[in-house]
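Visitor: Got a predicted structure here, sequence first:
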Amino acid sequence: MRRSWFKLTACLAAGLYLAPAANSMQWQRPTVSPLASLLAQNPLAAARGNPEEVVVAALTAIRQNRLDEAGRLVDGLLEAKPNYRLAHLLKGDLLMARSQPLAGIGSAPVVDDKLDDLRAEASARLLRYQAPPPAQQAIPANLLQFAPDQQYAVLVDAGRARIYLYRNDNGTPRYVRDFYATIGKLGFDKAREGDQRTPLGVYFVTGHMPREQLDQRYGKRAELYGVGAWPLSYPNDWDRRQGRTGSGIWLHGVPYDTYSRAPKASNGCVAMSNSDISALSPYLLPGTPVIIAGEVEWLTPSAWQARRDGALAQVEAWRRDWESLNTPRYLSHYASDFKSGNADLNTWRAQKQAVNAGKQWAKVKLTDLSLFGYPSAQGDLLQASFMQDYQSSNLNNQMRKRLYMRQEAGRWRISLEGSAG
């Protein structure tokens, strides 16, 4: 499913105005929202409700040479969002189209030194509607298990300039809505401080910085963040394990003098229009998972269930074997590159053999378990977080724990183990 969608979006990106009009379904008119009926009747009302849908409808109308209709849509968009630079670009194209054919977006002599950025934004927004991902029919592979207190999760598809909001329906992710987003100028997979890339991984909202607080702390620089910022927990333990550096990765708004930014325009944060991040903000509570992926893998419900069950079974097997005091079987769950603090696998093995030799019994209980497929350019990973209640004949301990697991010899094995903080 992921590959077929990727091929379709790649084909659609080739031309926004230029594909032959006879190419039917690729250029069908968007009908994905209750606002669709407003597009022709009241463009201003539609633009206030969903500016993105209006710009997509205008692009489609220009493509199909319905210039009067496109003009009404763009005028409504500019009245509702006068700082929307892409709408100004389309207005210029419409004026030029009355005297000569358009060669592509930005053909008119519009004064803007970032035409490529605006074309990229137009392409990203149009692809969302003309080749929509199967968000309501399939489930992202990254969202395998919510903890009971995780009511929502945010999934960033960095390669498609898109953010998805999912809610926890008794452990099953349910699509709520999605938004256009901006990532780092040089793309994703952040490695070091200042590389202008957005990190890949599983992070958590750590707080909220409203504009007033940003103004006090950063002065004029706060203009970059618009209505506010929501810091994320980058770098996490896995990032530090990989030697990644940097900090200050946030979800945030955009300057008030612009409606939105290009798909790649930040210094590494994820940015959204001020209206969109304001709509998302009620769900960005401390502890909300934010998964940033380079590409989303979409699974059918049955395939998702199978992957979820397999991952849960691996965590349960680790718990059961630890509880059994069968040290060799317990240690078989650890990867060859395992680390926990300063301990490698050999040190861990010696410690566990010594500890278990002095115990008569042990009980291990895991609660509040979450499981997320961890995006990584180095291969498939799994992050498991839970509350661990350990009791034994000579020690009782409770802690929040986090495991990072990777595929080794055909099964999930623990590569990193530590406190979840």
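Guide: Sure, I can see it. Residues are numbered from 1 along each chain as shown.
Visitor: Now the residue nearest the centre of the chain: phi and psi?
Guide: Centrality entry for the chain: nearest residue to the mean C-alpha point is Val156, 1.0 Å, by C-alpha atoms, centre = their mean. Per-residue torsions, Val156: phi -100, psi 120 (degrees, to the nearest 10).
Visitor: ok, now Glu223?
Guide: Main-chain dihedrals, Glu223, degrees, to the nearest 10: phi -60, psi -30.
Visitor: quick one on the thing from earlier: nearest residue to the residue nearest to the centre of the chain in space, ignoring adjacent ones along the chain?
Guide: Spatial nearest neighbour of Val156, excluding adjacent residues (C-beta to C-beta, 6 or more residues apart in numbering): Ile292 at 4.4 Å. From N, CA and C alone the C-beta is placed, and that goes for glycine too.
Visitor: In contact with the residue nearest to the centre of the chain, which residues?
Guide: 162-164, 181, 183, 198, 270, 290-293 (C-beta atoms under 8 Å, 6 or more residues apart in numbering).
Visitor: repeat that with 6 Å
Guide: Counting by C-beta atoms under 6 Å, 6 or more residues apart in numbering, Val156 makes contact with 163, 270, 292.
Visitor: would you turn those into a markdown table with distance to Pro263, secondary structure and pLDDT?
Guide: Formatted as a markdown table, the contacts of Val156 follow (distance: C-beta to C-beta, whole Å; DSSP: H, G, I helix; E, B strand; the rest coil; pLDDT from 0 to 100):
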| residue | distance to Pro263 | secondary structure | pLDDT |
| --- | --- | --- | --- |
| Ile163 | 12 | strand | 98 |
| Val270 | 11 | strand | 98 |
| Ile292 | 14 | strand | 98 |
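Visitor: Please list only the buried members of those residues.
Guide: Among the contacts of Val156, those buried by neighbour count (16 or more other C-beta atoms under 10 Å) are 163, 270, 292.
Visitor: Name the nearest of those residues relative to His252.
Guide: Nearest to His252 among those, counting by C-beta to C-beta, is Val270 at 7.7 Å.
Visitor: residues touching the closest one, list them.
Guide: 156, 181, 183, 251.
Visitor: Who does Val290 form a beta bridge with?
Guide: Val154, Tyr203 (DSSP bridges).
Visitor: Just to check, it is in contact with Tyr203?
Guide: Yes - here Val290 lies in contact with Tyr203, judged by C-beta atoms under 6 Å, at a distance of 5.0 Å.
Visitor: so what sits against both of these two?
Guide: Jointly contacting Val290 and Tyr203 under the rule C-beta under 6 Å, 6+ apart are Leu232.
Visitor: Tell me where the longest helix sits in the chain.
Guide: The helix spanning the most residues in the chain, taking DSSP state H as the definition, is helix 301-323.
Visitor: Now do it, average pLDDT.
Guide: The average pLDDT within helix 301-323 is 97.
Visitor: Buried residues, that helix. List them.
Guide: By neighbour count with 16+ other C-beta under 10 Å, helix 301-323 contains the buried residues 304, 307-308, 311, 314-315, 317-319, 321-323.
Visitor: Moving along the chain from it, name the first helix or strand you hit.
Guide: Of the helices and strands lying after helix 301-323 in sequence (DSSP states H and E), the nearest is helix 327-331.
Visitor: which residues touch that next one?
Guide: Here helix 327-331 makes contact (C-beta under 6 Å, 6+ apart) with 321-322, 349, 352-353, 356.
Visitor: pLDDT below threshold where in the chain?
Guide: Across the chain, the ranges flagged by pLDDT under 70 are 1-41, 43, 45-47, 101-104, 106-113.
Visitor: Show me the domain layout of it.
Guide: Domain segmentation of the chain under automatic domain parsing yields 2-130, 147-297, 300-419.
Visitor: In CSV: those, plus distance to Ala138.
Guide: Listed next are the domains of the chain as CSV, based on distance: least, C-beta to C-beta, whole Å:
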stretch, distance to Ala138
domain 2-130, 9
domain 147-297, 9
domain 300-419, 6
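Visitor: among those domains, which is nearest Gln136?
Guide: Closest approach to Gln136 among the domains of the chain (C-beta to C-beta): domain 147-297, 5.2 Å.
Visitor: which residues of the stretch 101-250 of the chain fall in helices?
Guide: Using DSSP state H, counting those that start in this stretch, the helices of the stretch 101-250 of the chain run over residues 115-130, 211-218, 237-241.
Visitor: I appreciate the help and will end here.
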